[in-house]
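Novice: Give me a model of this one.
(one chain, ligands or ions: 1)
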Amino acid sequence: MAGRIRDADVAAVRDRSPLADIVGDYVQLRPVGSGQLRGLCPFHDEKTPSFNVRPQVGAYHCFGCGVGGDVIAFVRAIDGLSFPEAVERLARRAGITLTYEGGGVTSRAVTSQRQRLLDAHRVAAEFYAERLESADAGDGRDFLSARGFDREAAVRFGVGYAPAGWDTLTRHLMGRHFTAAELVLGGLAKQSSRGSLIDRFHRRLVWPIRDLAGDVVGFGARRLAADDPGPKYLNTPETPLFKKANLLYGADIARREIARRYQVVVVEGYTDVMACHLAGVPTAVASCGTAFGSEHVTVLRRLLMDQSEHRGEVVFTFDGDEAGRKAAIRAFEFEERFVTQTFVAIEPSGLDPCDLRIQRGDVAVRDLVADRVPLVEFAIRGKLAGFDLNTTEGRLAALDAAAPLINRLKDRGLR
Ligand SMILES: [Zn+2]
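Specialist: Residues are numbered from 1 along each chain as shown. Presented below is the predicted three-dimensional model:
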């Protein structure tokens with residue numbers, strides 16, 4: 001490990017890392033006059049924005065929880081980095097080569113562990129994407145084209161193919177001087193039962209999953225071969241980079257439209273996100289290998305700058321089947337976490353956005369979202385469906401069942 005980063009370099013990094021841009025990767029900011037910007041604080045849960053950014057000064061401050069500092073402090077806090085790690089990350093973004101007291105430059109083994117893992121994922125994503133063009137990836141290309149995705153769409157979303165060999169990616173990354181320990185820590189490789197290092201994914205279609213800053217932090221991999229004994233979808237396990245409780249697939253490309261339109265559409269799978277974006281619903285995101293949960297709500301509220309019940313909407317799409325109905329009723333748990341209104345969009349014949357686009361085209365996907373109904377209405381109808389409303393007893397029982405939902409409505413008029 002080389003010495004301290006030179007003060008002059010730290011100052012250069014600070015100068016060339018606009019605070020509003022860096023914060024804007026995580027939080028939607030709006031001007032509030034006198035050159036200041038404000039958004040929902042990423043460090044505490046709040047209903048109205050009190051996170052203040054002064055771009056000219058390069059400082060932020062939260063009036064709610066009291067945190068504050070400069071751009072380096074922000075990156076340290078939001079990504080849990082040490083001071084040199086945060087400076088390295090910003091230096092990379094700004095294209096600055098750091099020098100260290102006592103010699104040495106960034107490129108020589110002084111890079112932080114987090115940056116090493118990000119680099120390994122970037123190389124892995126390129127490797128998978130190239131493999132999708134290879135002769136043995138025919139079933140991967142067939143899968144995509146059967147779902148209405150051409151080569152251009154695959155390239156746009158970085159879809160790739162994990163080849164058949166046991167350690168093809170592992171050898172490729174070790175050839176690029178990544179260590180076995182880094183590959184295991186990042187979830188790219190694992191120990192086989194015989195003790196050798198093997199790739200995590202084999203013969204699968206692979207989607208790179210990016211964080212809000214656009215860096216690949218993991219992969220979702222779809223089974224293709226009939227003799228593949230694994231589950232239909234396999235994801236990167238929990239790693240220092242991959243925290244599935246707050247990752248949303250597509251959020252890196254959707255976040256600007258989410259902020260602009262005050263809308264987010266939550267779908268169920270990677271192909272649904274692709275279908276929505278290609279069909280003209282650029283606010284679609286999906287959870288990765290886990291159900292949509294409480295931490296996802298927190299992330300979306302910041303991207304939406306969720307502070308008014310009269311502006312903005314969260315639209316959940318679920319399959320029309322029984323599992324989809326259950327998921328929709330579960331989503332009602334989140335209704336009260338959002339300040340804005342929540343909706344559900346369910347296709348009557350049970351098609352997900354991907355199938356809908358194949359069968360009826362882009363317009364049908366946009367119509368699905370446009371025809372959304374309030375989540376609460378849907379949840380109450382779901383509850384009532386179990387009762388015979390033709391009898392007095394049935395109606396009373398139904399009322400009892402629906403009352404708790406109605407009580408939780410935040411809109412008094414609606415209640
Ligand atoms: Zn705060």
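Novice: Would you map the strands across the stretch 51-200 of the chain?
Specialist: Ranges of strands in the stretch 51-200 of the chain, per DSSP state E, counting those that start in this stretch, are 51-54, 59-62, 68-69, 160-162, 189-191, 197-199.
Novice: Out of these, which is the most enclosed?
Specialist: strand 160-162 (a mean of 28; mean count of other CB atoms under 10 Å). The way it works is simple: take the backbone N, C-alpha and C, and place the C-beta from them, glycine included.
Novice: Can you list the helices and strands that the helix or strand hosting E333 packs against?
Specialist: Using DSSP states H and E, E333 falls within helix 322-335. Secondary-structure packing of helix 322-335 (3 or more CB pairs under 8 Å, 6 or more residues apart in numbering; DSSP states H and E): strand 313-317, strand 341-345, helix 375-384.
Novice: What is the subsequent helix or strand relative to the last one?
Specialist: On the C-terminal side of helix 375-384, the closest following helix or strand by DSSP H and E is helix 392-407.
Novice: wait, doesn't N246 sit right on S294?
Specialist: No. Counting by CB atoms under 8 Å, N246 does not reach S294; the two are 9.4 Å apart.
Novice: which one of the two has more residues nearby?
Specialist: N246 (17 against 11; other CB atoms under 10 Å).
Novice: For the spatially most central residue of the chain, give me its contacts.
Specialist: Central residue check for the chain by CA atoms, centre = their mean: the C-alpha nearest the mean position is that of L248, 1.9 Å away. The neighbours of L248, taking CB atoms under 8 Å, 6 or more residues apart in numbering as the test, are V285, A286, S287, C288, H296, V299, L300.
Novice: what's the closest non-adjacent residue to R222?
Specialist: Distances taken as CB to CB, 6 or more residues apart in numbering put L205 closest to R222, at 4.5 Å, once the chain neighbours are dropped.
Novice: where in the stretch 101-250 of the chain is pLDDT low?
Specialist: 103-111 (pLDDT under 70).
Novice: Find the closest residue to the ion in it.
Specialist: Minimum separation of the stretch 101-250 of the chain from the ion (CB to the ion) falls at N246, amounting to 16.9 Å.
Novice: what's the answer for the stretch 301-415 of the chain, then?
Specialist: At 11.1 Å from the ion, R302 is the closest residue in the stretch 301-415 of the chain, using CB to the ion.
Novice: That residue: which element?
Specialist: Following DSSP H and E, one finds R302 within helix 294-304.
Novice: Could I have the CA atoms of that helix written out in CSV?
Specialist: The C-alpha coordinates for helix 294-304 follow below in CSV (Å, rounded to 0.1, in the frame of the first residue of the first chain):
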residue,chain,number,x,y,z
SER,A,294,-39.3,-2.1,2.3
GLU,A,295,-35.8,-0.9,1.3
HIS,A,296,-36.9,-0.7,-2.3
VAL,A,297,-39.6,1.7,-1.2
THR,A,298,-37.0,4.0,0.4
VAL,A,299,-34.9,4.0,-2.8
LEU,A,300,-37.9,4.8,-5.0
ARG,A,301,-39.1,7.6,-2.7
ARG,A,302,-35.8,9.4,-3.1
LEU,A,303,-35.8,9.0,-6.9
LEU,A,304,-39.4,10.3,-7.0
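Novice: Enumerate the positions of it that are buried.
Specialist: E295, H296, V297, T298, V299, L300, R301, R302, L303, L304 (16 or more other CB atoms under 10 Å).
Novice: who are the neighbours in contact with the second one?
Specialist: By that I understand H296. Taking CB under 8 Å, 6+ apart, we find H296 in contact with A245, N246, L248, S287.
Novice: how is this protein carved up into domains?
Specialist: Domain assignment for the chain, taken from automatic domain parsing, gives 7-94, 113-235, 248-407.
Novice: from the chain's centre, how far out does the longest one sit?
Specialist: Taking the mean of its C-alpha atoms, domain 248-407 sits 16 Å from the chain's own mean (CA atoms, centre = their mean, to the nearest Å).
Novice: Can you check the distance spanned by it, start to finish?
Specialist: Start-to-end span of domain 248-407 (CA to CA, to the nearest Å) is 31 Å.
Novice: Also the first one?
Specialist: With CA to CA as the measure, the first residue of domain 7-94 is 16 Å from its last.
Novice: Let me know the average pLDDT across it.
Specialist: For domain 7-94, the mean per-residue pLDDT is 92.
Novice: Let me know whether my guess that V369 is in a helix holds.
Specialist: Yes. Counting by DSSP: H, G, I helix; E, B strand; the rest coil, V369 falls inside a helix.
Novice: On the three-state scheme, E309 is what?
Specialist: E309 - assigned by three-state DSSP - is coil.
Novice: And for S287, the neighbour number?
Specialist: 20.
Novice: One more: A11?
Specialist: Around A11 there are 10 residues (other CB under 10 Å).
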